[in-house]
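Colleague: Could you work out the structure for the sequence below:
(one chain, ligands or ions: 1)
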Amino acid sequence: MAGIKNPEMDEELFEKPKTNGVGQNQYERVIEGCRLNVKMVSQNEWRLAEIISRCRASNGSMKFYVHYVDCNRRLDEWVMSDLLDLSTLRMPQKGGKKGAQSREENKDGNDAEGKKGRKRKIPLVPLEEMKAEVPDPLQIVPAVPSGSTPSLRGSMSMVGHSEDAMTRIRNIECIELGRSRIQPWYFSPYPQQLTSLDCIYICEFCLKYLKSATCLRRHMEKCALPHPPGNQIYSYDKLSFFEIDGRKNKSYAQNLCLLAKLFLDHKTLYYDTDPFLFYVLTEEDEKGHHIVGYFSKEKESAEEYNVACILVLPSFQKKGYGSLLIEFSYELSKIEQKTGSPEKPLSDLGLLSYRSYWSMAIMKELFAFKQRHPGEDITVQDISASTSIKREDVVSTLQQLDLYKYYRGQYVIVISEEKRQVYENRIEATKKKRRINPTALQWRPKEYGKKRTQSTF
Ligand SMILES: CC(=O)SCCNC(=O)CCNC(=O)[C@H](O)C(C)(C)COP(=O)(O)OP(=O)(O)OC[C@H]1O[C@@H](n2cnc3c(N)ncnc32)[C@H](O)[C@@H]1OP(=O)(O)O
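Modeller: Below is the predicted model:
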């Protein structure tokens, strides 16, 4: 097989393999932690990849679960042995693996926290057996990634990856949700019996998961819920938001977290959803309110987070719903008269979406201020107060836009005529996009902390 020499291969961290053995046997030496070039079929190109796991398919040939270096883990996949270029194989050296791994993860932007090296060798077992090893959700509670401080505050709010190589492997083949069939991106701790199925079926209203289309059909006959539970706090232009209390609707909240985990890599799942509120965005038709996405929010956040996790289901992505969810989260913060920020770390797509939202919101505020107060100067504090975007996020956005300059002993916001024109055009373009209508939001913040204190006495 003709392989390309990848300049990313680090000679110090990876040693050349001893070439003994032919046929299928030669793949025995391709173990967890090895790196080699793998044909990425979707892109039709060879890329440097790391072996995460391996198993024998039912026909006896070997399969490898690979992570493409410098790519997000949603592109990780099982590949057959004929897609591996053994001439580029580098074995992990003792002590070198950890360094190589964390360096790569930082580049991928998968986990700002870093991880421990994966030391456990995955035994070569049939795929079916391996799937059965995936722990049951109840055994995962509480899933505490080693090296980070455990928190019992639930709902995927904990930052960091689990160490277990099994949780690095996508365990659900496909989900059917409403009219969409979706291929999950990451591991989610659904019950192990479901992991061997070709597809799992999820009720789009109550989010219960079922093993077959027949079970779903029977369930739908009984499921009286044509919308998420909780209070409908927003309704405009066929879009609604439902506020769901993780304590009052525990089963829905847990099912939502399980579903979301399929598309969120950098959060660890917890089952204590009590401290969270969930804001589910739906689109309405004659059959009911269909889930598009959601964000969760701590009832009380010491760190001033106004979003814990945010997700738009893949079938609705890149249509402006992410911006809509973000805008909604800041509308809630405005009513609370607080500033807020999303929980860190952000995923690659989360960062793109927030950067885009922050840039537009800040530029709009800059121009509006200039119109309201010609000749006056605006401060970072003013922008933060009127947008509810936390001060640090305002500053980082201004820096990223190259508008925050150090001048005569202080920082000033400077916008050139050229940039002003560019942003005015972009703001004009966003007017065509769907926006939150604040007058359609019926919501008052609740004092969860006070309530708990009162009930104690
Ligand atoms: C706090 C946290 O939870 S961080 C984790 C964030 N969540 C995830 O990563 C889960 C998986 N991803 C998602 O659910 C979605 O991709 C979200 C929620 C991040 C974004 O939702 P979308 O509906 O796709 O976002 P939307 O269409 O509003 O786009 C927002 C901006 O991000 C950009 N963007 C979104 N997805 C992509 C992409 N795949 N590639 C390039 N740009 C993208 C858009 O171009 C847009 O920028 P623009 O307004 O300047 O054109």
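
Colleague: Spell out which parts of the stretch 251-400 of the chain neighbour the ligand.
Modeller: Within the stretch 251-400 of the chain, the positions lying close to the ligand (CB under 6 Å from any ligand atom) are 263-264, 307, 309-312, 317-323, 342-343, 346-347, 349-350, 352-353, 356. (Each C-beta comes from the backbone N, C-alpha and C, glycine too.)

Colleague: May I see the ChimeraX selection of the buried members of the residues you listed?
Modeller: The buried subset of these, as determined by 16 or more other CB atoms under 10 Å, is captured in ChimeraX by this line:
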select :263,264,307,309,310,311,312,317,320,321,322,323,342,343,346,347,349,350,353
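
Colleague: need the contact list for residue 398.
Modeller: If a contact means CB atoms under 8 Å, 6 or more residues apart in numbering, then residue 398 has 362, 380, 404, 413 as its contacts.

Colleague: Against residue 29, how distant is the residue of the stretch 251-400 of the chain found nearest the ligand?
Modeller: Distances between the stretch 251-400 of the chain and the ligand by CB to the nearest ligand atom are smallest at residue 322, namely 2.2 Å. Applying CB to CB, to the nearest Å, the value for residue 322 to residue 29 is 44 Å.

Colleague: swap in residue 82?
Modeller: Distance from residue 82 to residue 29, by CB to CB: 16 Å.

Colleague: More neighbours: those two, which one.
Modeller: Each of residue 82 and residue 29 has its neighbours counted (other CB atoms under 10 Å); residue 29 has more, 15 against 10.

Colleague: how about the residue of the stretch 251-400 of the chain closest to the ligand, secondary structure?
Modeller: helix (DSSP: H, G, I helix; E, B strand; the rest coil).

Colleague: can you tell me which residues contact it?
Modeller: 293, 310, 312, 349, 353.

Colleague: Residue 38 now?
Modeller: 46-49, 64, 66, 68, 79, 83-85.

Colleague: tell me the secondary structure for the residue nearest the centre of the chain?
Modeller: Nearest to the geometric centre of the chain sits residue 264, at 2.9 Å (CA atoms, centre = their mean). Following three-state DSSP, we place residue 264 in the coil state.

Colleague: Sticking with the residue lying farthest from the centre of the chain, tell me its helix or strand.
Modeller: In the chain, counting by CA atoms, centre = their mean, residue 375 sits farthest out from the average C-alpha position, at 42.8 Å. Taking DSSP states H and E as the definition, one finds residue 375 inside no helix or strand.

Colleague: What ranges in the stretch 251-400 of the chain fall below the confidence cut-off?
Modeller: Nowhere does the stretch 251-400 of the chain drop to pLDDT under 70.

Colleague: Identify the bridge partners of residue 181.
Modeller: residue 176 (DSSP bridges).

Colleague: That one contacts residue 200, correct?
Modeller: No - using CB atoms under 8 Å, residue 181 is not in contact with residue 200; the gap is 10.7 Å.

Colleague: Next, show the common contact partners of the two.
Modeller: Joint contacts of residue 181 and residue 200 (CB under 8 Å, 6+ apart) are 174-175.

Colleague: more crowded one of those two?
Modeller: Between residue 181 and residue 200, counted using other CB under 10 Å, the more crowded position is residue 200 (24 against 12).

Colleague: Isn't the more buried one up against residue 191?
Modeller: No - applying CB under 8 Å, one finds residue 200 not in contact with residue 191, separated by 9.6 Å.

Colleague: And for stretch 221-240, what's in contact with it?
Modeller: Stretch 221-240 has contacts (CB under 8 Å, 6+ apart) with 203, 205-206, 208, 241-245, 248-249, 252, 278-285, 287-289, 291-292, 324, 328, 434, 436-437, 440-443.

Colleague: Quick check, the residue in the stretch 1-150 of the chain closest to the ligand?
Modeller: The minimum distance from the stretch 1-150 of the chain to the ligand, using CB to the nearest ligand atom, falls at residue 74 (8.2 Å).

Colleague: Ramachandran coordinates for the closest residue to that residue other than its chain neighbours?
Modeller: For residue 74, ignoring the flanking residues on the chain, the nearest one in space by CB to CB, 6 or more residues apart in numbering is residue 185 at 3.7 Å. Note on residue 185: backbone dihedrals following degrees, to the nearest 10 are phi -100, psi -40.

Colleague: Would you quantify the distance from residue 185 to the ligand?
Modeller: From residue 185 over to the ligand the distance is 7 Å, taken as CB to the nearest ligand atom, to the nearest Å.

Colleague: That residue and residue 250: what is the separation?
Modeller: Distance of residue 185 to residue 250, given as CB to CB: 25 Å.

Colleague: Kindly report the same for residue 406.
Modeller: Relative to residue 250, and taking CB to CB, residue 406 is found at 51 Å.

Colleague: which of those two has more neighbours?
Modeller: residue 250 (15 against 8).

Colleague: and the closest residue to that one other than its chain neighbours, how many residues sit next to it?
Modeller: Leaving aside its sequence neighbours, residue 250 sits nearest to residue 273 (CB to CB, 6+ apart; 5.8 Å). By other CB under 10 Å, 27 other residues sit near residue 273.

Colleague: Look up phi and psi at residue 273.
Modeller: The phi and psi values for residue 273, taken as degrees, to the nearest 10, are phi -90, psi 0.

Colleague: Settle this for me: it is touching residue 255, isn't it.
Modeller: No - with contact defined as CB under 8 Å, residue 273 does not count as touching residue 255 (10.0 Å).

Colleague: is it fair to say residue 78 lies in a strand?
Modeller: Yes - assessed with three-state DSSP, residue 78 lies in a strand.

Colleague: residue contacts, it?
Modeller: Residue 78 neighbours (CB under 8 Å, 6+ apart): 63-66.

Colleague: Around residue 265, count how many other residues there are.
Modeller: When neighbours are defined as other CB under 10 Å, residue 265 has 20 of them.

Colleague: now residue 369
Modeller: By the measure other CB under 10 Å, the count of residues near residue 369 is 17.

Colleague: before we move on, what about the one 5 residues further on?
Modeller: Residue crowding around residue 374 was assessed by other CB under 10 Å; the count is 7.

Colleague: same thing with the one 10 residues further on?
Modeller: Here the count is done by other CB under 10 Å, and residue 384 has 19 residues near it.

Colleague: which element is it on?
Modeller: Using DSSP H and E, residue 384 falls in helix 380-387.

Colleague: For that helix, report the contacting residues that lie outside it.
Modeller: 330, 339, 361-362, 365-366, 369, 389-391, 394-395, 398, 413.
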